[in-house]
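K.L.:
Just a sequence and a predicted model for now, questions to come.
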Amino acid sequence: MSDAKFPYNEIFSRNIGAISPAQQQLLQEGRVAVVGCGGLGGHVIEQLVRLGVGSVHCFDPDVFTPSNGNRQLNATRANLGKNKAQAAVERAAAIHRHSLVVSFPEDFRSCRSAEAFAVDLVVDCLDSVSARRDLAALCGERNLPLVHGAVNGWCGQVGVVLPGGDLLDRLYRRQTESAQSAAPSVLACTVALVASLQVAEALKLLLGQPTELADSWLHVDLKYMEFLLNR
């Protein structure tokens with residue numbers, strides 16, 4: 001996909017050094033599905049595009065409301081009432097056109113597109129326990145790695161579920177949907193950090209690099225600056 005104003009080699013030149021030119025090409029060939037395009041998802045999609053990931057599929061049936069404005073990257077006055085997946089696509093196009101970013105403005109569980117999950121990995125940016133479990137099951141069926149993320153107030157967590165792994169079952173064994181019925185407090189700083197950690201894990205997976213979070217998870221508490229790796 002050409003973009004005369006932003007040549008490929010120039011826009012991604014500052015990636016080189018941290019990653020090699022060959023690895024940059026791997027990212028261009030990479031395909032990622034982001035499920036949930038609100039707080040975490042908006043930041044995740046943005047960073048994947050700025051890294052140069054070639055294909056990003058964005059899933060979300062929801063639209064922006066005023067309460068999203070404290071933390072969601074694409075929650076602007078102009079976007080009130082707009083579908084979150086479509087807004088992410090429009091923002092990506094404003095950055096550059098070297099990534100094919102496609103919106104699926106529907107619940108991932110009802111999506112019937114054959115191409116929807118023709119990807120290398122999936123990033124979980126959902127806010128529902130049942131939806132997360134369903135997404136993990138879908139990834140298990142399709143043999144896809146899943147990068148999980150969740151936030152609450154000052155705290156967040158990130159983990160990587162490899163095919164056949166049971167991380168989400170372990171994380172949410174005692175939690176039911178009713179236990180999280182009230183909308184949680186969420187801070188913008190927590191959202192941005194957890195999304196960045198998810199993207200770092202997705203980057204490693206796309207490049208075939210090892211991760212300390214394989215079937216493990218990292219707990220982050222920004223209020224007390226605690227980072228705890230759990231195995």
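P.N.:
Here it is on my side, so go on.
K.L.:
Check which residues of stretch 123-137 are buried.
P.N.:
V123, D124, C125, L126, D127, V129, A131, R132, R133, D134, L135, A136 (16 or more other CB atoms under 10 Å). To be clear about C-beta, it is placed using only N, CA and C from the backbone, and glycine gets the same treatment.
K.L.:
Narrow the residues you listed to those in helices?
P.N.:
V129, A131, R132, R133, D134, L135, A136 (DSSP state H).
K.L.:
okay if I get the buried residues of stretch 123-137 as a markdown table plus pLDDT and distance to N83?
P.N.:
Formatted as a markdown table, the buried residues of stretch 123-137 follow (pLDDT from 0 to 100; distance: CB to CB, whole Å):
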| residue | pLDDT | distance to N83 |
| --- | --- | --- |
| V123 | 98 | 18 |
| D124 | 98 | 19 |
| C125 | 98 | 15 |
| L126 | 97 | 16 |
| D127 | 93 | 16 |
| V129 | 94 | 23 |
| A131 | 96 | 17 |
| R132 | 96 | 21 |
| R133 | 95 | 24 |
| D134 | 95 | 21 |
| L135 | 96 | 19 |
| A136 | 96 | 25 |
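K.L.:
where does this structure have low pLDDT?
P.N.:
Low-confidence segments of the chain (pLDDT under 70): 1-2, 174-181.
K.L.:
Packing partners of the helix or strand containing V147?
P.N.:
Assigned by DSSP states H and E, V147 belongs to strand 146-152. Contacts defined by 3 or more CB pairs under 8 Å, 6 or more residues apart in numbering; DSSP states H and E place strand 146-152 against helix 39-51, strand 121-124, helix 129-142, strand 155-161, helix 167-171, helix 188-207.
K.L.:
Now the residue of the chain most remote from its centre: phi and psi?
P.N.:
Seen from the C-alpha centroid of the chain, the residue lying at the greatest distance (CA atoms, centre = their mean) is A4, 28.2 Å away. Dihedral angles phi and psi of A4 (degrees, to the nearest 10) take the values phi -60, psi -30.
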